[in-house]
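Participant: Here is a sequence with its predicted model. Questions after.
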Amino acid sequence: MKRIGLSVNGSPHELEVEPRELLVYVLRERLGMTGTHVGCDTSSCGACTVLVDGESVKSCTMLGVQAEGRSITTIEGLASNGELHPVQQAFHEQHGLQCGFCTPGFVLATVSLLEENSSPTEDQIREGLEGNLCRCTGYHNIVRAVQAAAGKELPA
Amino acid sequence: MSVVEEGRTYIGASVPRKEDATLLTGQGRFVENLTAPGMMHLAVVRSPFAHAEITEVDLSQVRAAKGVVAAYSGAELADEWAGPLPCAWPVTEDIKIPDHFPLASDRARYVGDGVAVVLAESRAAAKDAAELASISYEPLESVTDVALAARPGAPLVHESLDTNESYTWAMSAGEVDTVFGEADVVVKERYRQQRLVPNAIEPRGVLVEPVASTGELTLTSSTQVPHILRTTLSGVLGMPEAKLRVIAPDVGGGFGSKLDVYAEEALCLALARKLGRPVKWVEERSEAFLATIHGRDVLQEIELAATSEGKITGVRARLTASMGAYLQLATPGIPLLGAWLYGGCYEMEAYDFSCTGVFTNTTPTDAYRGAGRPESNYAIERTVDALAREVGKDPVDVRRLNFIKEFPATIVSGLEIDSGDFEGALDRGLELLDYEDFRREQAARRASGDPKQLGVGFSTYVEMCGLAPSRILGALRYGAGGWEAATVRILPTGTVQIMSGATPHGQSHATTFSQIVADELGVDVDSVEYFSGDTAVVPQGMDTYGSRSLAVGGIALHQAAGKIVDKARLIAAHQLEVSPDDFEYEGGRFTVKGTDRSMTVTETAFHAWTAHNLPDGMEPGLEGASVYDPPNFSWPGGCHIAVAEVDTETGDARVIRYIAVDDVGNVINPAVVAGQVHGGITQGVAQALYEEAVYDSEGNLVNGSLTGYLVPSAAEVPSYEVDHVVAASPTNPLGVKGVGETGTIASTPAVVNAVVDALAHLGVTEIEMPTSPERVWRAIEEAKR
């Protein structure tokens, strides 16, 4: 076991983890942050996407021990004072989620995407979210949600 | 705050979803997020062989491993089962249904067949220990290809059956031989519906919590069918239904794959009962590729008889369908859900259909979005294009010539389409596309020799869903009815509780159902509280599949709410000392005609609750219940148009424009309906262009993970243009139709027709699905020869 210190949604945590333990399981099983979902075992689906120091990372591609000293944002840390984050609000208003299982990953990937490019084109949005899979929405309304969150006028 | 303007109804408005708040903030209650005190973790040891005799199961090292509580072979758990896992659809009298127990004990019949289980204190310990299982196999000859399995002399999946054929089901109508004999033109096509893996983004998961003192078990499962599970699993486990509670919590997509009774559900129940501790199992994705049912895997031969003008006179269809190694809940019936639809939305006089179900050493097949109807629609819509080529006409004109135009329409296969507007949908689609403009651009690209060629593909479709009239299901030998149950109750504070046996997994039941009831009772949509997915809260139900929730479950709720209005009318009349006939009822308010005296339904709820002053003999409380059995299937239809761009140098085919004009009857929530259409289209596009489960000759699933199996991302598909024509269903009082599967049913042939059309000038007429770059490139090269 190895002792690590990390910040999750602004709160500091010190904990003992196994060297082989993936960050996603540290978040889910040690810290109870179950909004970060596990949808595959090949780092393909992006359901486990979190922000590490502000950048989107599939938390199944990172070991817990690699999170030493890092600042993590999970879906639980996005809304503040009962107000949805603008990206969450946009997903709600544009019907960008159905079953909701992939949604935390998509929302955090979108936050990161818009951080890098505040005014992406549709193609840039589609390519930017290529690492996240959704089986329900066909992506149409996810793209619209990203456009709405970026303050773009939506196509009819 | 009301989300619709005063005087308008919720029905027809894109009411924002009630479901979103928890899901957007990471508070979803998915099985993988749930824990129970003292919980053990289950891992399943699975066969690496497609077909093998299990000669020895040695779990001594497993049992000695750190953190392991227990481990069992199939033989060691044999006494737990009062019966095998159920197949509820014995489609013929002489169907062969092999016993299927939760673990194999003597023979493994597909890669992934469970042979032993491990219970440990942690997920990691269970998985580590499962690696230590020492199981001796004697490999046997296997067969995974359905065509090979159907041949005489093929390796037998079940030796005792003496054949790989499970059943042959056939129907015929009209003078088939005469029609085909007299036809000017007979077009014959063969298609292969490749094997698909449903891939709901949430893998399956199970948690069982026992109450040792009473013998009660609570099963929480990522399932579409909690009520079916309760009924069937009580039989598998040999326990009274009263001792089994089933909960479907938040469920992360299903698409048919969670419409089943799975080995892991039975195993967790049996082991929790045996050891008196909670048991949890969560599937890994690569495990899901083996252990969760697959879809399609059907070979089709279809023939159309027609006049030289392209007027269709008859159809013949022969199917060979892979069942996989065992029959799951609905496996044999799935290809038959398309049995009536091989004539599509076209008039004709003769019809002949047969389907043979064949065992193979593969993961069992079962329902995958559309279930039987994507296959039938693909066959007819591709073949109509072939007919158009044969008679030298535009595929649009051939469709128009053959449409069913008068409704209700008894189709050649014998069912009655209650309503439709196929021509209206086609016209609207052509208008959105600007067909003439498209053909000009296509011609220009062809003339310039552009390496990127354009094609357009049409799919004018009708499908039958809203499963289903119980009597018809009985005639088809399905093991249950097709009704749905609903209860509506108003609490004294005005909160409306609604309960439906239709259980959601992404389809927005809470929002849509609340809209229906809120309008009927004239209450704010936010005051409606929706309950489902727990057999202790909603004891009766037939669950969610076959696009049935709105067209069956929604009607049950509407009727239950109507019963409340009837009782409320009597209470209001009593309170206001008038006759019930003196009222006008609108927007939840009973008004005495010609006066301003009135009472709302919610006000009567308070009187019903105090029961201080009710009409003589009236029971207190304001509650209505209804069980609705639909008199007919639901018949959505429409026109889908795909525009494909095909790179003739690399073979890469992409959909660059997609138009869907659907008739799904009256629309309750346009945003929700559009979302269903978008998702359905994407799964159909995925079958056309990307997805295929591939077995090698040894029976290994070679692309059994998301790295090798191409579920499309946002980068592979376009935005969609979605529109409607409305032919309200006369079958139900809301005029609604199912929508959950239309996109998947309609889209696949539209896309492949478009890819073929893009290459038509090169002489290409057929490309097998998925139309991968390699297949497209080869088709171009072959056409050149």
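Facilitator: Okay, I see it. Numbering: from 1, shown residues only, chains lettered A, B, ... in the order given.

Participant: ok, which stretches of the stretch 351-500 of chain B are helices?
Facilitator: B:373-391, B:395-402, B:422-433, B:435-448, B:470-475 (DSSP state H, counting those that start in this stretch).

Participant: same thing with chain A?
Facilitator: For chain A, applying DSSP state H gives helices covering A:23-25, A:86-93, A:103-116, A:122-128, A:140-149.

Participant: what's the answer for the stretch 51-200 of chain B, then?
Facilitator: Counting by DSSP H, counting those that start in this stretch, the helices of the stretch 51-200 of chain B are B:60-64, B:123-130, B:146-149, B:176-182.

Participant: so which of those gets nearest chain A?
Facilitator: Of all those, helix B:123-130 sits nearest to chain A, with 7.9 Å by CB to the nearest CB. No exception for glycine: its C-beta is placed from N, CA and C like everyone else's.

Participant: The residue in chain A positioned nearest to chain B: what's it in contact with?
Facilitator: Nearest to chain B in chain A, going by CB to the nearest CB, is A:Gly35, at a distance of 1.8 Å. Each residue near A:Gly35 by CB atoms under 8 Å, 6 or more residues apart in numbering or on different chains is listed here: A:74-76, A:104, B:25-28.

Participant: residues contacting B:Ala693?
Facilitator: So B:Ala693 contacts B:194-197, B:289, B:294, B:701, B:703-704, B:709 (CB under 8 Å, 6+ apart).

Participant: Quickly list the domain ranges of chain A.
Facilitator: A:2-77, A:86-149 (automatic domain parsing).

Participant: same question for the longest one, mean pLDDT?
Facilitator: Going back to what we said before, that points to domain A:2-77. Here domain A:2-77 scores 97 as its mean pLDDT.

Participant: And that domain, how far out from the chain middle?
Facilitator: 11 Å (CA atoms, centre = their mean, to the nearest Å).

Participant: same thing with the last one?
Facilitator: On the basis of CA atoms, centre = their mean, the separation between the geometric centre of domain A:86-149 and that of its chain is 10 Å.

Participant: same thing with stretch B:17-32?
Facilitator: Distance, centroid of stretch B:17-32 to centroid of chain: 22 Å (CA atoms, centre = their mean).

Participant: Is chain A within reach of that stretch?
Facilitator: Yes: contact of stretch B:17-32 with chain A (CB under 8 Å from any CB of the partner chain) involves B:17, B:19-28, B:30, B:32.

Participant: Any chance of the helices of chain A in CSV with distance to chain B as columns?
Facilitator: Converted to CSV, these look like this (distance: least, CB to the nearest CB, whole Å):
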stretch, distance to chain B
helix A:23-25, 8
helix A:86-93, 5
helix A:103-116, 5
helix A:122-128, 4
helix A:140-149, 4
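
Participant: one step back: quick one, which of the domains of chain A is packed in tightest?
Facilitator: Of the domains of chain A, the one with the most neighbours on average (mean count of other CB atoms under 10 Å in any protein chain shown) is domain A:86-149, at a mean of 23.

Participant: Quick check: end-to-end length of that domain?
Facilitator: 6 Å (CA to CA, to the nearest Å).

Participant: Give me the neighbour count for whatever residue of chain B ends up closest to chain A.
Facilitator: Residue of chain B nearest chain A, by CB to the nearest CB: B:Gly26 (1.8 Å). When neighbours are defined as other CB atoms under 10 Å in any protein chain shown, B:Gly26 has 23 of them.

Participant: just B:Gly621 next, same as before
Facilitator: By other CB under 10 Å, neighbour count at B:Gly621 equals 15.

Participant: My read is that it contacts B:Arg489, right?
Facilitator: Yes: if you go by CB atoms under 8 Å, B:Gly621 and B:Arg489 touch, sitting 7.5 Å apart.

Participant: Can you name the residues that contact residue 50?
Facilitator: You didn't say which chain, so I picked chain A. A:23, A:27, A:36, A:56-57, A:59, A:72-75, A:108.

Participant: Oops, wrong one, chain B.
Facilitator: Counted by CB under 8 Å, 6+ apart, B:Ala50 has contacts B:109-111, B:142, B:144, B:361-362, B:695, B:698-700.

Participant: Could I have the buried ones of those as ChimeraX selection syntax?
Facilitator: Remark: buried members of the contacts of B:Ala50, expressed as a ChimeraX selection using 16 or more other CB atoms under 10 Å in any protein chain shown:
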select /B:109,110,111,142,144,361,362,695,699,700
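
Participant: Now distance to chain A and pLDDT too, for the contacts of B:Ala50, in CSV please.
Facilitator: CSV is the format used below for the contacts of B:Ala50 (distance: CB to the nearest CB, whole Å; pLDDT from 0 to 100):
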residue, distance to chain A, pLDDT
B:Arg109, 25, 98
B:Tyr110, 20, 98
B:Val111, 17, 98
B:Ser142, 26, 98
B:Thr144, 23, 98
B:Asn361, 24, 98
B:Thr362, 21, 98
B:Tyr695, 19, 98
B:Glu698, 22, 94
B:Gly699, 22, 96
B:Asn700, 17, 97
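
Participant: Among the contacts of B:Ala50, which one sits closest to B:Ser549?
Facilitator: B:Thr362 (30.5 Å; CB to CB).

Participant: all strands of chain A, in order?
Facilitator: A:2-8, A:11-17, A:49-52, A:55-58, A:71-73 (DSSP state E).

Participant: and of those, who's closest to B:Pro249?
Facilitator: Nearest to B:Pro249, of all the strands of chain A, is strand A:49-52, at 22.4 Å by CB to CB.

Participant: Pull up the pairing partners for that closest one, direction included.
Facilitator: Strand A:49-52 has the following sheet partners, assigned by DSSP bridges: strand A:55-58 (antiparallel), strand A:71-73 (antiparallel).

Participant: Convert the C-alpha atoms of it to CSV, please.
Facilitator: The C-alpha coordinates for strand A:49-52 follow below in CSV (Å, rounded to 0.1, in the frame of the first residue of the first chain):
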residue,chain,number,x,y,z
THR,A,49,-13.8,11.1,-17.4
VAL,A,50,-12.7,13.5,-14.7
LEU,A,51,-10.7,16.7,-14.7
VAL,A,52,-7.1,16.5,-13.4
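
Participant: Quick check: closest non-adjacent residue to B:Asp58.
Facilitator: Nearest residue to B:Asp58 in three dimensions, chain neighbours excluded: B:Ser134, at 4.1 Å (CB to CB, 6 or more residues apart in numbering or on different chains).

Participant: burial of the one you found, as a residue count?
Facilitator: If we define neighbours as other CB under 10 Å, then B:Ser134 has 13 of them.

Participant: tell me the contacts of it?
Facilitator: B:56-61.

Participant: Then B:Ala686?
Facilitator: Listed by CB under 8 Å, 6+ apart, the contact set of B:Ala686 reads B:710-712, B:770.

Participant: do B:Arg316 as well
Facilitator: By CB under 8 Å, 6+ apart, B:Arg316 lies in contact with B:176, B:180, B:301-303, B:352-353.

Participant: these two touch, right, B:Lys127 and B:Ala43?
Facilitator: Yes: using CB under 8 Å, B:Lys127 is in contact with B:Ala43, at 5.2 Å.

Participant: more neighbours, the two?
Facilitator: B:Ala43 (26 against 14).

Participant: Could you list the low-pLDDT ranges of chain B?
Facilitator: B:1-8 (pLDDT under 70).

Participant: Show me the domain layout of it.
Facilitator: B:34-140+B:202-252+B:258-291, B:390-466+B:633-784, B:483-628.

Participant: What sits closest to B:Thr707 if chain neighbours are left out?
Facilitator: A:Thr42 (4.7 Å).

Participant: mind listing what the nearest residue to A:Val143 once chain neighbours are set aside touches?
Facilitator: Nearest residue to A:Val143, sequence neighbours excluded (CB to CB, 6+ apart): A:Ile125, at 5.3 Å. Contacts for A:Ile125 (CB under 8 Å, 6+ apart) come out as A:113, A:143, A:146-147, B:714.
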